[in-house]
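Novice: Everything below, folded, please.
(one chain, ligands or ions: 1)
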Amino acid sequence: MRIGIVCYPTFGGSGVVATELGLELSKRGHEIHFITYSQPVRLELLSHNVHYHEVNVPEYPLFHYQPYELALSSKLVDMVKLHNIELLHVHYAIPHAYAAYMAKKMLQEEGIYIPIVTTLHGTDITLVGSHPFYKTAVTFSINKSDAVTSVSQSLKDDTLRLFDVKNDIHVVPNFIDLERHQPNFTDCQRAMMATEDERIITHISNFREVKQIPDVIRVFHRIQKEVPARLMMVGEGPEREPAELMCKKLGISDKVVFFGNSNEIDKILCFSDLFLLPSLTESFGLSALEAMASGVPVISSNTGGIPEVNKNGVSGFLSDINDIEDMTKNGIYILSDKERLDKFKQNAKKVAAQFDIHEIVPKYEAIYEDTLKNCLIL
Ligand code: GMT
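Specialist: Predicted coordinates for the structure are as follows:
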């Protein structure tokens, strides 16, 4: 199948899922065309059946806002025609589902029919999409998609609660390439980050308010009073600087490393003992799954789709949002006993295996096939 994938090319989870999906589909024989405004961060290797088409938006002084949707829909039309793309899979409703619908209508004028699969990732529904300024257009684009998927049951429920959606929503969870998360022993440079008796705690995100970065630091601050530990902070975003300042004020700067964005999170996770994800909301929590696949137990909030990934008392623990006390208690419980920590590490891997890329990607393929079949019938 020739598939066009539209996504955000940044470090965010939706772009990562879209990129990993495209790469896996290409390995399974499909021809993949990524269409976005810059090369997706995890798209390192281009091959004969993986292509990247850049959407450019020329600056024009008349425009207060540059019309990205317009440029994207034009590019989609051109690429569908040039490469005989059979289906468009758009990740993140805003503005991708909307631009894809415009492209579809333009192509219809020329007698070309292109079905659209829209994947809802989370903030496009819970934080941004439901805003009154966007809601009408988001509802319209979801309803006009030929198939809609959401990354968790919780996100499906949120979508049905917040929008007047007529379509069926298929739940297709985030997935993980387990092989990539098997640590190569020579690569795992634990000794560079901590001493033998110290535990390594990690947080990875885009450092936005929704991630509750101050809670990460508060929990670490309390844990390290009981169990010698170091904190690895991976990612970039508006909350990074305040977080560095907070560490300084608490006198723990020497125990905390801020890495910035990294394409090698598996190398950081391979020496981690605990992952913190105290988010306000999380449709799935891909970073928690990536941690678990590397054998890192997770202390998280019990919000959104996280309980579908992090199993309480098995792969880690769930606490109420902002319940620092409970998160600290659970963290100390896991880290303070070597045997117990090893058990949680094994469990984390086992739970992550339920989201194996080889099990989940065929679910998307089945949706593509059904969508194409239904389009032929219509
Ligand atoms: O977590 C973020 O803020 C990035 C965001 C995105 O849209 O790229 O991630 C969302 O999509 C991921 C992939 O499906 C999910 O695993 C994340 O849980 C989800 N983030 C939120 O719902 C806050």
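Novice: Let me see the ranges of the strands in this protein.
Specialist: 2-6, 31-36, 50-54, 87-91, 116-120, 147-150, 169-171, 199-204, 229-234, 256-260, 274-277, 298-301, 316-319 (DSSP state E).
Novice: Point out the most buried one among those.
Specialist: Comparing the strands of the chain by mean neighbour count (mean count of other Cβ atoms under 10 Å), strand 274-277 ranks first with a mean of 29. All C-beta spots, glycine's among them, are computed from the backbone N, C-alpha and C.
Novice: Give me the packing partners of that strand, helices and strands only.
Specialist: With contacts defined as 3 or more Cβ pairs under 8 Å, 6 or more residues apart in numbering; DSSP states H and E, strand 274-277 has these neighbours: strand 199-204, helix 213-226, helix 286-293, strand 298-301, helix 324-335.
Novice: export the ones you listed to JSON lines and tack on distance to the ligand and mean pLDDT?
Specialist: Shown next, in JSON lines, are the helices and strands packed on strand 274-277 (distance: least, Cβ to the nearest ligand atom, whole Å; pLDDT from 0 to 100):
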{"stretch": "strand 199-204", "distance to the ligand": "10", "mean pLDDT": "98"}
{"stretch": "helix 213-226", "distance to the ligand": "12", "mean pLDDT": "98"}
{"stretch": "helix 286-293", "distance to the ligand": "3", "mean pLDDT": "97"}
{"stretch": "strand 298-301", "distance to the ligand": "11", "mean pLDDT": "98"}
{"stretch": "helix 324-335", "distance to the ligand": "18", "mean pLDDT": "98"}
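Novice: show me the contacts for M193.
Specialist: The contact partners of M193, taken as Cβ atoms under 8 Å, 6 or more residues apart in numbering, are I200, R230, M232, V257, F271.
Novice: show me the contacts for C247.
Specialist: I217, S253, V256.
Novice: May I see these organised as JSON lines, with distance to A100 added?
Specialist: Formatted as JSON lines, the contacts of C247 follow (distance: Cβ to Cβ, whole Å):
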{"residue": "I217", "distance to A100": "40"}
{"residue": "S253", "distance to A100": "46"}
{"residue": "V256", "distance to A100": "42"}
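Novice: Just checking the lowest-mean-pLDDT helix or strand in the chain against the ligand, any contact.
Specialist: Here the helix or strand of the chain ranked lowest by mean pLDDT, DSSP states H and E is helix 123-126, holding a mean of 82. Yes - counting by Cβ under 6 Å from any ligand atom, the ligand is contacted by helix 123-126 at T123.
Novice: Are there helices or strands packed against that helix, and which ones?
Specialist: Applying 3+ Cβ pairs under 8 Å, 6+ apart, one finds that helix 123-126 makes contact with helix 93-109, helix 153-162.
Novice: Apply 6 Å and report the result again.
Specialist: When contacts are defined as 3 or more Cβ pairs under 6 Å, 6 or more residues apart in numbering; DSSP states H and E, helix 123-126 sits against helix 153-162.
Novice: Going by neighbour count, list what's buried in the helix it packs on.
Specialist: Judged by neighbour count using 16 or more other Cβ atoms under 10 Å, the buried positions of helix 153-162 are S154, L155, K156, D158, T159.
Novice: which strands and helices sit next to it?
Specialist: Applying 3+ Cβ pairs under 6 Å, 6+ apart, one finds that helix 153-162 contacts helix 123-126, strand 169-171.
Novice: wait, which of these is closest to M102?
Specialist: Nearest to M102, of all the helices and strands packed on helix 153-162, is helix 123-126, at 17.3 Å by Cβ to Cβ.
Novice: Please compute how far that closest one lies from its chain's middle.
Specialist: Its chain's C-alpha centre and that of helix 123-126 lie 13 Å apart, by Cα atoms, centre = their mean, to the nearest Å.
Novice: Could you tell me which helix of this protein is the longest one?
Specialist: helix 357-377 (DSSP state H).
Novice: what's the model's confidence in that helix, averaged?
Specialist: Across helix 357-377, pLDDT averages out at 93.
Novice: is it up against the ligand anywhere?
Specialist: No - Helix 357-377 is not in contact with the ligand by Cβ under 6 Å from any ligand atom; minimum separation 11.7 Å.
Novice: in this protein, which segments are predicted with low confidence?
Specialist: Applying pLDDT under 70 to the chain flags residues 45-46, 183-187, 377-378.
Novice: Close to the ligand: what parts of it are there?
Specialist: Of all the residues in the chain, those in contact range of the ligand (Cβ under 6 Å from any ligand atom) are 12-15, 17, 92, 121-123, 151, 174, 206, 208, 210, 281-286.
Novice: do that again at 5 Å, thanks
Specialist: 12-14, 17, 121-122, 151, 174, 282-286 (Cβ under 5 Å from any ligand atom).
Novice: so of these, which ones are in helices?
Specialist: Counting by DSSP H, the part of the residues of the chain next to the ligand found in helices is G13, S14, V17, L286.
Novice: For these, which two are the farthest from each other?
Specialist: Farthest-apart pair in those is S14 and L286; separation 8.9 Å (Cβ to Cβ).
Novice: returning to that earlier point: pull out the buried residues from the longest helix of the chain.
Specialist: Residues of helix 357-377 classed as buried by neighbour count (16+ other Cβ under 10 Å): I357, I360, V361, Y364, I367, Y368, T371, L372.
Novice: same deal with stretch 60-75?
Specialist: Residues E69, A71, L72, S73, S74, K75 are the ones in stretch 60-75 that count as buried (16+ other Cβ under 10 Å).
Novice: about what we covered before: which of the contacts of M193 lies closest to D168?
Specialist: Taking those together and measuring to D168 by Cβ to Cβ, the closest member is M232, at 41.1 Å.
Novice: Tell me the buried residues within the residues of the chain next to the ligand.
Specialist: For the residues of the chain next to the ligand, buried by 16+ other Cβ under 10 Å: 12-14, 17, 121-122, 151, 174, 282-286.
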